[in-house]
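**Q** Return a 3D structure for these sequence lines:
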Amino acid sequence: MKEFRFHWAWVILGVCFVDLFVNYSIRLGFGVILPEMIKELNLTRTQGGNIFNSYLAIYMILTPFVGNLTDRYGARRIIASFGALLGGGAVLMGTAESFTAACLYYAMVGAGASAMWTPVLVLVQRWFAPRKRGLALGILSTGYGLGFATMGWIFPKIVEGYSWREAWYLLGGGALAMISVNALLLRSSPEDRGLVPWPGKGDVLPSAPPSRDGSSRVREVFANSQFWLIGSSYFLAACALYMVTTYMVDYAHNELGLSLEKASFLATVHGLSQAAGVLIVPPLSDKFGRRKTLMASNVLISVAILGIAASGSSIPALYGSVALLGSLYGSTWPLYGACGGDYFRKETMGTAIGGWTPFYGSGAIVAHLVAGTLRDNLGSFETAFFLAVGSAIFSSFLLWVAGEPKTCK
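**A** Numbers count the residues shown, from 1 in each chain. Presented below is the predicted three-dimensional model:
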């Protein structure tokens, strides 16, 4: 009878789901809001990409420290504390009147968001046993897919009735509301409630004597060659995905000639596909392994991007290719995050996942710089999309080189 009692792990998963929904509505919604911001603020595409890069730069700098702090002090304090920066920055984005102001405010959003991925992944992986980790992360990750889908659906309505500024106010208010929820309901580990990870039997993480010394955890992680290979693969996967995802609404609206409503609906297709993909692909990784699943996914990402580049004015082909990309996009990030739990012991999990974030962030920054510059100079995103194809394929190759976790038996 005890086995069927409600477990607090599901409360943790539910709260973290909402955190991701709000955070990624703010983050991925930027690509949906961007065309209207460009128009009103008289920005170039390169400037638009650089606003996002200001977010990514701060996010990339802070996340390794946030990951280490999570290992030392617990995810609950970190997530709740940084929520104020996330929500406040989003509200301020709605007041932006210039490129500089938008960069500053979105950098503030990036600072808050640095605690909305690594600590969340660490928290969920600590509350769920390893053999259920893919399932839990799959459910969790529907949060950001649905956030993107929601923005693609409601943003044209907000613009029609109000303006793009009201979208930022709405998003910021949601993030601020989650501060008290996180503080009240999250717990940093099952031990805080006298529990073991769900479902509570037959699973033990690779471990070693714990240490409160943050520098020893960093040395342990950085001395592992697999950390660098997986991080490099993460960089290339981010390059491939952000070259397309950030600009796909702009591409469809201003290059292919679709209406704003039809172009924005790509975000809904992408987001709903993410929600479906994360319920399928991460649980499959519990069976086939994180590394093999990621390798196959990155190859299929290259196929999806090729489809977007080749679709031309065919709306069914464009929507279908974006749907395939979305289903794989959604599962990419939690699978790389889950590698932290597979390749490293639980006491260094946050340090490893946080340490990979600069690879991810720099990949996204490079993607925006390259894609935005190529579009401004060549008048088309086509070249950028083909570069993204090669990046996705090479990211899969690096995972093959990395090999299986050394802790696996």
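**Q** Going by C-alpha atoms from here, please, whenever you check contacts or count neighbours.
**A** Noted.
**Q** continuing past the helix or strand harbouring Leu266, what's the next helix or strand?
**A** Using DSSP states H and E, Leu266 sits in helix 260-288. Using DSSP H and E, the helix or strand that directly follows helix 260-288 along the chain is helix 290-310.
**Q** so what secondary structure elements neighbour that following helix?
**A** helix 225-245, helix 260-288, helix 315-343, helix 382-402 (3 or more Cα pairs under 8 Å, 6 or more residues apart in numbering; DSSP states H and E).
**Q** Can you work out which other helices and strands pack against the third one?
**A** Of the remaining helices and strands, those touching helix 315-343 by 3+ Cα pairs under 8 Å, 6+ apart are helix 118-127, helix 133-161, helix 225-245, helix 260-288, helix 290-310, helix 349-378.
**Q** any idea how far that helix is from the chain center?
**A** 10 Å (Cα atoms, centre = their mean, to the nearest Å).
**Q** now the angle from that helix to helix 225-245?
**A** Interaxial angle, helix 315-343 versus helix 225-245 (axes from the mean of the first three to the mean of the last three Cα atoms, to 10 degrees): 160 degrees.
**Q** what's the answer for the last one, then?
**A** When the same axes, to 10 degrees is applied, the directions of helix 382-402 and helix 225-245 differ by 160 degrees.
**Q** Who are the packing partners of helix 382-402?
**A** helix 225-245, helix 290-310, helix 349-378.
**Q** Okay, buried residues for the first one please.
**A** Along helix 225-245, the positions that meet the burial threshold by neighbour count (16 or more other Cα atoms under 10 Å) are 226-245.
**Q** which outside residues touch that helix?
**A** 31, 221-222, 298, 301-302, 305, 329, 336, 352, 356, 359-368, 370-371, 384-385, 387-392, 394-396, 398-399, 401-403 (Cα atoms under 8 Å, 6 or more residues apart in numbering).
**Q** Apply 7 Å and report the result again.
**A** Helix 225-245 is touched from outside by 221, 356, 359-360, 362-364, 366-368, 371, 384-385, 388-389, 391-392, 395-396, 398-399, 402, with contacts defined as Cα atoms under 7 Å, 6 or more residues apart in numbering.
**Q** for the closest residue to Pro358 other than its chain neighbours, what are its contacts?
**A** With Cα to Cα, 6 or more residues apart in numbering as the criterion, Pro358 has its nearest non-adjacent residue at 4.7 Å, and that residue is Met60. Met60 makes contacts with 357-358, 361, as judged by Cα under 7 Å, 6+ apart.
**Q** Swap in 10 Å and give it another go.
**A** 53-54, 110-111, 114, 354-362, 365 (Cα atoms under 10 Å, 6 or more residues apart in numbering).
**Q** Residue ranges in the stretch 51-200 of the chain under the pLDDT threshold?
**A** 144-145, 148-149, 152, 159, 200 (pLDDT under 70).
**Q** Then the stretch 201-350 of the chain?
**A** The stretch 201-350 of the chain contains residues with pLDDT under 70 at 201-215.
**Q** any idea how far the nearest residue to Leu387 once chain neighbours are set aside is from Ile315?
**A** The shortest distance from Leu387 to any non-neighbouring residue, by Cα to Cα, 6+ apart, is to Ala240 (7.5 Å). Per Cα to Cα, to the nearest Å, Ala240 is found 22 Å from Ile315.
**Q** Which residue lies nearest the spatial centre of the protein?
**A** Trp333 (5.5 Å; Cα atoms, centre = their mean).
**Q** wait, that residue sits on Gly134?
**A** No. Distance between Trp333 and Gly134: 11.9 Å, which falls outside the contact criterion (Cα atoms under 10 Å).
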